[in-house]
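1. Test case, fold it:
(2 chains)
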Amino acid sequence: MTEYALILVSTVLVNNFVLVKFLGLCPFMGVSRKLETATGMGLATTFVLTLSSVCSYLVNEYMLAPLGLEYLRTIAFILVIAVVVQFTEMVVHKTSPLLYQVLGIFLPLITTNCAVLGVALLNTQAQHGFLESAVYGFGAAAGFSLVLVLFAAMRERITVADVPAVFRGPAIALITAGLMSMAFMGFSGLVKG
Amino acid sequence: MKENHEITMDTFLDGLWKENPVFVMLLGMCPVLAVTNTTMNAIAMGLATTFVLLSSSLLVSLLRHAIPKQVRIASYIVIIATFVTIVDYLIQAISLELYNALGAFIQLIVVNCMILGRAESYASKTRPMKAMANALGMGGGFTIALLCLGTVREVLGNGTLLGYSLFGDSFQPWVVMVLPPGGFFVLGSWLLLFAWLRQHNERRREKKLLETEAANGN
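-> Residues are numbered from 1 along each chain as shown, chains lettered A, B, ... in the order given. The predicted structure follows:
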């Protein structure tokens, strides 16, 4: 149990996917202008990431490895992710129109979120088991959502602040992200290794 | 509508500067920030991405009439993933050290939005030669951007360039530059510089315009 807790803390805070590993920066910059959309994106990503990391583990373990097809891993994973995203969209659409309204527009975007493929690849690299993969995926997504929501809240403040003209737009956003990344380095002593 | 098949210098040059994928369009930022802590990594990543971009543009352009519209995105991704796998094994064969330094980011070229964006918005609409010229420009622009970040970060954060020491022993390295926050700061500073240059040019142009107007008025 401690093992899983450690993976969780390490992926959410210490090795945060966005600020330390630089995965999923496009949505981080793209949808962080408003707090509401950021929350929606965070929720949708959490759902898909957890599901896809489990699915890609299963595909890798029971299809690719026994057949000796490891060189197809990248192609297989990206297809698995596309299928999971499509499937999630269909299920959410049928079962809960309300949820679909909140998450709907974000779901297709997730296919090209490099954090999703990154988690699948890192899981195989670190040779995580079934539960470990699931926890790792969930932790990565939770870390992503946490940072996304915090960053969106900050950007909302920045838009009303009096920022010098040259700094406006992506420049100030990147520097803010850099400061956030520095703050998150403070967590690095929490988990060893 | 008749397609414009003429290859001009702009087809190639647009990607280098005016539509630079990193500095202007802010696409494909994950590898830009993640692997630029040394210049060597930046060069390798830039070349790998350029190769994938070039070959996938060629193939997409050749197959543009054969791929059905409904499944085009999936087809593009499979084409891109194939070339990424080739690059992945190639780098592993050439230098294992480099392969370990770049980590999962070689495989993650698949989801670089710049490549899919080029396939969707450019290569699928033009002839192979033109698509390749454009891809070369875009890849070049991406590599230049990586180099801009890589050199600054390595020189400031490590005091070296391509592994050679620059400043001697008395130099105190600015360690934060090779750590993750440095990536954000350096890219932010480059964007700042370009925004400033743009503003500067615009002001000068406006001033000139006013002067000529005043001269004409007299």
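2. Tell me which other helices or strands the longest helix anywhere in chain A touches.
-> Longest helix in chain A, counting residues (DSSP state H): helix A:130-160. The contact analysis (3 or more CB pairs under 8 Å, 6 or more residues apart in numbering or on different chains; DSSP states H and E) places helix A:130-160 against helix A:2-9, helix A:25-30, helix A:35-59, helix A:114-125, helix A:170-185. Backbone N, C-alpha and C define where each C-beta goes, glycine included.
3. Indicate which one of the ones you listed is closest to B:Ile144.
-> Proximity to B:Ile144 (CB to CB) singles out helix A:170-185 among the helices and strands packed on helix A:130-160, at 17.9 Å.
4. Quick one: distance of that closest one to the chain centre.
-> 18 Å (CA atoms, centre = their mean, to the nearest Å).
5. Dead centre of chain A: give me the residue that sits there.
-> A:Ala141 (4.1 Å; CA atoms, centre = their mean).
6. For that residue, give its distance to A:Lys21.
-> For A:Ala141, the distance to A:Lys21 (CB to CB, to the nearest Å) stands at 13 Å.
7. again, but for B:Val60
-> Taken as CB to CB, the span from B:Val60 to A:Lys21 is 30 Å.
8. Neighbour count: those two, which is higher?
-> B:Val60 (27 against 24; other CB atoms under 10 Å in any protein chain shown).
9. Report the separation between the more buried one and B:Met29.
-> 23 Å.
10. same check, this time on B:Lys125
-> B:Lys125 is 25 Å from B:Met29, by CB to CB.
11. Compare neighbour counts for the two and give me the winner.
-> Applying other CB under 10 Å to B:Lys125 and B:Met29 shows that B:Met29 carries more neighbours, namely 25 against 14.
12. Tell me the spatial nearest neighbour of the more buried one, not counting adjacent residues.
-> Closest residue in space to B:Met29, ignoring its immediate chain neighbours: A:Leu25 at 4.5 Å, by CB to CB, 6 or more residues apart in numbering or on different chains.
13. wait, the one you found sits on A:Val18?
-> Yes - if you go by CB atoms under 8 Å, A:Leu25 and A:Val18 touch, sitting 6.6 Å apart.
14. biggest helix in chain B, by residue count?
-> Longest helix in chain B, counting by DSSP H: helix B:180-217.
15. got the angle between that one and helix A:170-185?
-> Here the directions of helix B:180-217 and helix A:170-185 differ by 160 degrees (axes from the mean of the first three to the mean of the last three CA atoms, to 10 degrees).
16. what packs against helix B:180-217?
-> Applying 3+ CB pairs under 8 Å, 6+ apart, one finds that helix B:180-217 contacts helix A:170-185, helix B:29-34, helix B:128-158.
17. go with 6 Å
-> If contacts are counted by 3 or more CB pairs under 6 Å, 6 or more residues apart in numbering or on different chains; DSSP states H and E, helix B:180-217 sits against helix A:170-185, helix B:128-158.
18. and these as TSV, adding distance to B:Ile80 and mean pLDDT?
-> Output for the helices and strands packed on helix B:180-217, formatted as TSV (distance: least, CB to CB, whole Å; pLDDT from 0 to 100):
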stretch	distance to B:Ile80	mean pLDDT
helix A:170-185	26	88
helix B:128-158	12	89
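19. For chain A, what lies in contact range of chain B?
-> Applying CB under 6 Å from any CB of the partner chain, we find that chain A lies next to chain B at A:20, A:22-23, A:25-26, A:74-75, A:78, A:112, A:114, A:117-118, A:121-122, A:166, A:170-171, A:174-175, A:177-178, A:181-182.
20. where in chain B is pLDDT low?
-> For chain B, residues meeting the criterion pLDDT under 70 lie at B:1-5, B:218.
21. Chain A contacts on that one?
-> When proximity is defined by CB under 6 Å from any CB, chain B lies next to chain A at B:26, B:29-30, B:33-34, B:77, B:81, B:84-85, B:104, B:107-108, B:110-111, B:113, B:180-181, B:184-185, B:187-188, B:191-192, B:195-196, B:199.
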